[in-house]
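Visitor: Need coordinates for the below:
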Amino acid sequence: MVQHRYDVYGLTELSLTDARSIIEKALGLELSERGSEYFGGAYYKYRLDSGREAILFSNFIAARADWVRGRHKDYSVLLEVSDLEDMDEIQQRLMASCSGIVLLETSTIDDESESVGES
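Guide: Numbers count the residues shown, from 1 in each chain. Purely as a prediction, here's the structure:
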């Protein structure tokens, strides 16, 4: 059985663009700019062919006067990391990169259809 981990980080007092720079530098990856009505316009995404990804977006959409993740209204920018390699190291790097980054949620899902060592 394989476990898949999903983390949500909140960032305060940073613009989406500034948050992107901090995240890219901390993790050594490039977040591509995308557009989405769901995210209220621009957001940033890193995606592997396996479907594992990191998504950085503004939590409040002014045009709709609505929150993307209402349970995290204290955070202007959110980063969702979905099962990338070495999630513990990602967490350490993010927390060390900026005092305004907070781990808000972490969850693991057991995938009984996959076994350790299978490709």
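Visitor: Check the protein and tell me which residue is nearest its centre.
Guide: Compute the mean C-alpha point of the chain, and by Cα atoms, centre = their mean the closest residue is Glu80, 2.2 Å away.
Visitor: what are the pairing partners of whichever helix or strand it is part of, and which direction each?
Guide: Secondary structure here is read from DSSP states H and E; on that basis Glu80 sits in strand 77-82. Sheet partners assigned to strand 77-82 using DSSP bridges are listed as strand 2-11 (antiparallel), strand 53-58 (antiparallel).
Visitor: Between the ones you listed, which has the poorest mean confidence score?
Guide: For those, the bottom mean pLDDT is recorded on strand 2-11, which sits at a mean of 92.
Visitor: what stretches of the protein score poorly on pLDDT?
Guide: Across the chain, the ranges flagged by pLDDT under 70 are 1, 112-119.
Visitor: Which residue ranges of it form helices?
Guide: According to DSSP state H, the chain carries its helices in the segments 16-27, 87-97.
Visitor: what's the longest one packed up against?
Guide: Using 3 or more Cβ pairs under 8 Å, 6 or more residues apart in numbering; DSSP states H and E as the contact test, the elements touching helix 16-27 are strand 41-47, strand 53-58, strand 77-82, helix 87-97. C-beta here means a position set from N, CA and C on the backbone, and glycine is covered the same way.
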